[in-house]
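Engineer: Structure, please.
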Amino acid sequence: MDKISQEQLALRWQISPRTLEQWRWLGKGPRFLKIGARVLYREKDIEAYEAAQLCQNTSGPLPLEGR
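Structural biologist: Model prediction:
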């Protein structure tokens, strides 16, 4: 199972690592693992989150049955 760090995910999405920290605090974003002080994201959780964000227009993500 592939895992990536907050910094690697921030680079992948071209966002600040601080944004990911805020999302975790707010309960947003992909699921993550917290092992001690270290935060890791599983590839399958990132891909599931990305799929859930798929949009066709600015109204928001597509419903699951529409994919």
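Engineer: Give the buried residues for stretch 50-60.
Structural biologist: When burial is assessed from 16 or more other Cβ atoms under 10 Å, stretch 50-60 yields no buried residues. No exception for glycine: its C-beta is placed from N, CA and C like everyone else's.
Engineer: One more: stretch 15-26?
Structural biologist: So stretch 15-26, judged by 16+ other Cβ under 10 Å, has buried residues Leu20, Arg24.
Engineer: shaky segments in the protein?
Structural biologist: Scanning the chain for pLDDT under 70 picks out 1, 62, 64-67.
Engineer: could you pull out the helices for it?
Structural biologist: For the chain, applying DSSP state H gives helices covering 6-13, 17-26, 43-52.
Engineer: Relative to Ser59, which of those is closest?
Structural biologist: helix 43-52 (14.9 Å; Cβ to Cβ).
Engineer: Arg31: what's it in contact with?
Structural biologist: Arg31 sits next to Tyr41, Arg42, Asp45, Ala48, Tyr49 when contact means Cβ atoms under 8 Å, 6 or more residues apart in numbering.
Engineer: I'd like the helices of the chain as a markdown table, with distance to Pro61 appended.
Structural biologist: Shown next, in a markdown table, are the helices of the chain (distance: least, Cβ to Cβ, whole Å):
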| stretch | distance to Pro61 |
| --- | --- |
| helix 6-13 | 16 |
| helix 17-26 | 16 |
| helix 43-52 | 6 |
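Engineer: For Leu33, find the nearest of those helices.
Structural biologist: helix 43-52 (8.8 Å).
Engineer: Ok, which of the helices of the chain comes nearest Ile35?
Structural biologist: Using Cβ to Cβ, the helices of the chain put helix 6-13 closest to Ile35, at 12.6 Å.
Engineer: mind checking how far that closest one is from the chain centre?
Structural biologist: Helix 6-13 sits 9 Å away from the centroid of its parent chain (Cα atoms, centre = their mean, to the nearest Å).
Engineer: list the helices and strands it packs on?
Structural biologist: Applying 3 or more Cβ pairs under 8 Å, 6 or more residues apart in numbering; DSSP states H and E, one finds that helix 6-13 makes contact with helix 17-26, strand 38-42.
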